[in-house]
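Participant: no FASTA, just this:
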């Protein structure tokens, strides 16, 4: 079923047009990679705060309010550029186990970020003193973000 969808999408005029523009994929990939850098850096800083490694002078709530607009904006652009790249090469993305794994991990990180926002909304002091739970969230999120980048790179090789 997915392979049939990929064949259909690949044959659409939009996909054919994108494939015909030699500048399209490199340009969209560049924007995609820059947004990945924004997300990885921002989430990494929050994770380091949760781990108690960095950001000791700022409250977690202040860091989250500073970084989250950047994270959500970059994720929206990543979604848009990802859709464009998928339209251009549907089978390369949708039939790829690394791509599917990456998307699952992205959803998990988004859920972690939403949960962090929720926790801070209900308890602004959450994470003030990194406890085991906050450290585990930070470590898990950091590992997931690194794994997402690795899975993204593996898409080209699987």
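Facilitator: Received the coordinates, thanks. Fair warning: this is a prediction, and the values are worked out from it, not measured in the lab.
Participant: ok, and the closest non-adjacent residue to the residue nearest to the spatial centre of the chain?
Facilitator: In the chain, the residue lying closest to the centroid (Cα atoms, centre = their mean) is residue 106, at 5.0 Å. Setting aside the residues directly before and after it, residue 106 is nearest to residue 148 in space (Cβ to Cβ, 6 or more residues apart in numbering), at 5.9 Å. (Glycine included, C-beta is placed from N, CA and C.)
Participant: and the gap between the one you found and residue 104?
Facilitator: Computed with Cβ to Cβ, to the nearest Å, the distance linking residue 148 and residue 104 is 10 Å.
Participant: tell me which of those two has more neighbours.
Facilitator: When residue 148 is set against residue 104 and neighbours are counted by other Cβ atoms under 10 Å, the residue ahead is residue 148, at 22 against 12.
Participant: now do the same contact list for the more buried one.
Facilitator: Contacts for residue 148 (Cβ atoms under 8 Å, 6 or more residues apart in numbering) come out as 102, 105, 106, 109.
Participant: give the contact list for the first one.
Facilitator: To tie it back to what came earlier, the one meant is residue 102. Each residue near residue 102 by Cβ under 8 Å, 6+ apart is listed here: 148, 151, 152, 155.
Participant: element containing it, please.
Facilitator: helix 97-122 (DSSP states H and E).
Participant: next SSE after that helix?
Facilitator: Moving toward the C-terminus from helix 97-122, the first helix or strand encountered (DSSP H and E) is helix 132-154.
Participant: fine by me, we can end here.
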